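Asks: No letters, just coordinates:
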């Protein structure tokens, strides 16, 4: 009958140890859980482990291959002993090892977990496997899972779609449809890929990588000249492709192609920045609006000897004049040139080229207006005319399209991914308008922390397309109706929070996987069916089934789930989508917290670059409370937290000083009548209680921990400075409240201090301090404020 609070943290992948990023998010969840528990809520914080997909198989394969970087990381960063490392060729052994190690870390840092509900994913946990089978049968029956033809991120080696969490690199990258502008060249076309087809009106030349391999190929009846790498991509996109000839790009340099808009002959120049693995490996140049193009031309102008290598007269480049075709506020005729000069970009290999391109692209796409040179499209906004322009170009025969990835994606098996159009792939229909409408409704209904993340959810829900929910390789749950397909990583992690509610019953009563028939889940989670009949069919006692149903109804929905902002476009949005699909509105998520991505010493956390700290290492070095507070104090809302060793050392010193202070307080005896400064301290403390309580209610964990640790202490220091004769009784009372305010953030130290002060039971279950405005003495407060202002 007690009020409940159900909080969750996304189960971590067990292809490696828990790191500080996990620690940051999970500590926020735990601080909130401890706060709610002290407020009298029956609070559940369960934990599980994610074994699904390619991450574990990929890591084991790289160990088997003897990958020196992976082995060095496992030994030096993860701390895996040699005798264990040799067993890592077995992915299941690796998963078990990291699960065992991580469980100990979770306990050491003090997360208040109900371990009776622990499990791991995949068919290696048969009862959870049955739950996922039921989930996908239900989704399919409701029409949310379908077979179709869609572009997917594809691993040529695994021969499977590669979801975000099956990637070594490129998380969040999705297929983009590129327009191929077909430039006539001899008896063929040079198809150049672009996301900005309107810029054809400003073309001045073509760039080809002289050192890359190109081919002349028959593509759906036309002759195309493209990079060797792009031929494989085109063949995977339902096109008929036949290679006629292979040659080096330098063979094209110095020749001329024709601009299909004007009929002019334009030169082909060497461009070493052209990536043959990006789209077709053919780039048309628009130096007025593309920073990469302008900088490449400038490089050739500054180094004419590069041209002589190809027998090119430098005048060919000197005669190239940028053509302005877009008017954009804040820039002159040539935005790309302005961006290159203002950012001090050195050459075509400068990393700033990418940033400049992104800035100009966004500005021109959203606010740019096409100039008269663009014919019938003149005067229109770029973003409004793009679709019309592409359709017109295709009708005129000067454009085609292909899918590609805007940046590199590597599968966990280390293979570079491409885009494949699948005609018999299982998809979740996230594009369905009615499903989107209900998901938007669920987001609007939920509490979102911070509130600014709500719009981010809505944006990503609108953006999501159909999602490949199964793959051919990896660990996981087989699709129950389609042998050979396995539910992918981000698709079995959407409603498993419901499984937590019944996991303890499965273990307690020894329920076997075969007893978990679909009707059991229908009854427990949806309230469908006759319990006696289901009991007879499943062999599970009716009393136990009722217990399971009651347990689910008591705990659900989830009151708070917290994760990083990079999971909003996938996991967290899928979490909303699938709850909407399967459960009634009263069981939809109540609250979601979103936080930033952890950095270390101001740099992005990266295992490959050695900028990586495991959670275990931090706890062993600094202790649980120091680690927790250093993490919590490092960021708020969607800011990126920054772990700094200096901050950890400062927190360590602060907590040691706190321990010494409480020891002194505990040895004081006696009491005195209430003085002016006593009343001030009691009033100041009430304000701190309200600040910490309000901050935790809003999941502002940095503010809450800052006030609890620093501001209360500053108040006490002021009191000791001002009081002629400090009141021992008052100090013990105030310190007892202070320890309770600090307990969610530094539980181990606070338990010890609570015991030193003679507190009853555990501080973790002591009542949360209640804000009492009647204890605020306004006159005392005003007087002290005046004194502070004068000092």
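Replies: Arrived safely, thanks for sending. Note that the structure is a prediction, hence the values are computed from the model and not measured.
Asks: quick one: low-confidence parts of the stretch 601-750 of the chain?
Replies: 671-673 (pLDDT under 70).
Asks: again, but for the chain
Replies: 671-673.
Asks: Need the residue closest to the centroid of it.
Replies: residue 566 (2.0 Å; CA atoms, centre = their mean).
Asks: Over to that residue: give its phi and psi.
Replies: phi -70, psi -10 (degrees, to the nearest 10).
Asks: excluding its backbone neighbours, what's nearest it?
Replies: residue 597 (6.0 Å; CB to CB, 6 or more residues apart in numbering). Bear in mind the C-beta positions are built from the backbone N, C-alpha and C, glycine included.
Asks: One more: residue 441?
Replies: residue 580 is the one closest to residue 441 (CB to CB, 6+ apart), at 7.7 Å.
Asks: does that neighbour sit in a helix, a strand or a coil?
Replies: When classified by DSSP: H, G, I helix; E, B strand; the rest coil, residue 580 comes out as helix.
Asks: picking that back up, can you verify my assumption that the residue nearest to residue 566 contacts residue 564?
Replies: Yes - in this structure, residue 597 is within contact of residue 564 by CB atoms under 8 Å, at 5.5 Å.
Asks: Now residue 506: closest residue in space that isn't a chain neighbour?
Replies: Closest to residue 506 by CB to CB, 6+ apart is residue 127, at 5.2 Å.
Asks: Now do the contacts for that neighbour.
Replies: Each residue near residue 127 by CB atoms under 8 Å, 6 or more residues apart in numbering is listed here: 119, 503, 506, 511, 512, 513, 516.
Asks: PyMOL command for the buried members of those?
Replies: Buried subset of the contacts of residue 127, written as a PyMOL selection, criterion 16 or more other CB atoms under 10 Å:
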select buried, resi 119+503+506+511+513+516
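Asks: for the contacts of residue 127, which one is nearest residue 635?
Replies: residue 119 (30.8 Å; CB to CB).
Asks: Next, give phi and psi for the closest one.
Replies: Torsion angles, degrees, to the nearest 10, at residue 119: phi -160, psi 170.
Asks: hang on, isn't it packed against residue 46?
Replies: No - contact criterion CB under 8 Å: residue 119 and residue 46 do not qualify, at 9.1 Å.
Asks: which residues do the two both contact?
Replies: Counting by CB under 8 Å, 6+ apart, the residues touching both residue 119 and residue 46 are residue 503.
Asks: one step back: for the residue nearest to residue 441, list the residues it contacts.
Replies: By CB under 8 Å, 6+ apart, the contact list for residue 580 reads 435, 438, 439, 441, 442, 588.
Asks: Which one (most neighbours) among the residues you listed?
Replies: residue 439 (27 neighbours; other CB atoms under 10 Å).
Asks: Double-check that that residue belongs to a helix.
Replies: Yes - according to three-state DSSP, residue 439 belongs to a helix.
Asks: so it touches residue 464, yeah?
Replies: No - Residue 439 is beyond contact range of residue 464, at 9.0 Å (criterion: CB under 8 Å).
Asks: Next, show the common contact partners of the two.
Replies: 573, 577.
Asks: Adding secondary structure and distance to residue 35, write the contacts of residue 127 out as a markdown table.
Replies: Below are the contacts of residue 127 laid out as a markdown table (DSSP: H, G, I helix; E, B strand; the rest coil; distance: CB to CB, whole Å):
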| residue | secondary structure | distance to residue 35 |
| --- | --- | --- |
| 119 | coil | 26 |
| 503 | helix | 25 |
| 506 | helix | 30 |
| 511 | coil | 34 |
| 512 | coil | 39 |
| 513 | helix | 37 |
| 516 | coil | 35 |
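Asks: Name the nearest of the contacts of residue 127 relative to residue 275.
Replies: The nearest one, if we look at the contacts of residue 127 relative to residue 275 and count by CB to CB, is residue 119, at 43.6 Å.
Asks: And that closest one, how far from residue 181?
Replies: 53 Å (CB to CB, to the nearest Å).
Asks: how many other residues sit next to residue 26?
Replies: For residue 26, using other CB under 10 Å, the count is 25.
Asks: tell me the phi and psi of the spatially closest residue to it that is not a sequence neighbour?
Replies: Nearest non-adjacent residue to residue 26, counting by CB to CB, 6+ apart: residue 9, 4.7 Å away. Phi and psi for residue 9, reported as degrees, to the nearest 10, are phi -130, psi 130.
Asks: what's residue 9 in contact with, if anything?
Replies: When contacts are counted by CB under 8 Å, 6+ apart, residue 9 is found next to 25, 26, 29, 45, 47, 561, 562, 563.
Asks: same check, this time on residue 447
Replies: 590, 591, 592.
Asks: Likewise for residue 769?
Replies: 689, 737, 740, 741.
Asks: picking up where we left off before, isn't there a strand covering the residue nearest to residue 506?
Replies: No - with three-state DSSP as the criterion, residue 127 is located in helix rather than a strand.
Asks: still on that earlier bit, and the residue nearest to residue 26, how far from residue 46?
Replies: Residue 9 is 9 Å from residue 46, by CB to CB.
Asks: and what of residue 17?
Replies: 20 Å.
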